[in-house]
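Chemist: Predicted model, plus sequence, below.
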Amino acid sequence: MDYPRFAASMNRYFTRLESQHGAPWTSGRAAAGAWEALLERGTWTEADLTELDELMHAGDEETGSAWIEMRMFYDAWRDSAAPATERPGPNQG
């Protein structure tokens, strides 16, 4: 799964719908944007992951299947996303 590409597309999707329909889409845009930024940066801490978890769990039921799809892929990514301080280095593999 290309998570950076997926997060970027979800960010664009939620941003577009937020501009068209308002507040119900704001939490999705915020979560997708934060996930996209974290993936672009390429490193994260436990605090980063905790903050992102909170954003992902603040979803609005009105956004329906888009939110469910993003959460499903986020949860899969999150299962393997140890903080940078816990990930083995290139020679510790």
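Modeler: Cool, got the structure.
Chemist: and Arg59, helix, strand or coil?
Modeler: You called it Arg, but residue 59 is Gly. Gly59 falls in the coil class when you classify it by DSSP: H, G, I helix; E, B strand; the rest coil.
Chemist: which residues touch it?
Modeler: Ser27, Gly28, Ala31, Trp67, Arg71 (C-beta atoms under 8 Å, 6 or more residues apart in numbering). (Glycine included, C-beta is placed from N, CA and C.)
Chemist: Just flag the most distant two among those.
Modeler: Ser27 and Arg71 (11.3 Å; C-beta to C-beta).
Chemist: More neighbours: those two, which one.
Modeler: Neighbour count, other C-beta atoms under 10 Å: between Ser27 and Arg71, Ser27 has more, with 20 against 16.
Chemist: isn't the more buried one right next to Met56, touching?
Modeler: No: under the criterion of C-beta atoms under 8 Å, Ser27 makes no contact with Met56, lying 9.2 Å away.
Chemist: contacting residues around stretch 2-10?
Modeler: By C-beta under 8 Å, 6+ apart, stretch 2-10 touches Gly28, Ala32, Trp35, Glu36, Leu39, Glu40, Ala66, Glu69, Met70, Phe73, Trp77.
Chemist: make it 6 Å
Modeler: Here stretch 2-10 makes contact (C-beta atoms under 6 Å, 6 or more residues apart in numbering) with Ala32, Trp35, Glu36, Leu39, Met70, Phe73, Trp77.
Chemist: filter the residues you listed to the buried ones?
Modeler: Among the contacts of stretch 2-10, those classed as buried by 16 or more other C-beta atoms under 10 Å are Ala32, Trp35, Glu36, Leu39, Met70, Trp77.
Chemist: and the residues you listed as TSV, adding secondary structure, distance to Leu17 and pLDDT?
Modeler: Output for those, formatted as TSV (DSSP: H, G, I helix; E, B strand; the rest coil; distance: C-beta to C-beta, whole Å; pLDDT from 0 to 100):
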residue	secondary structure	distance to Leu17	pLDDT
Ala32	helix	11	94
Trp35	helix	17	95
Glu36	helix	16	96
Leu39	helix	21	94
Met70	helix	12	90
Trp77	helix	22	94
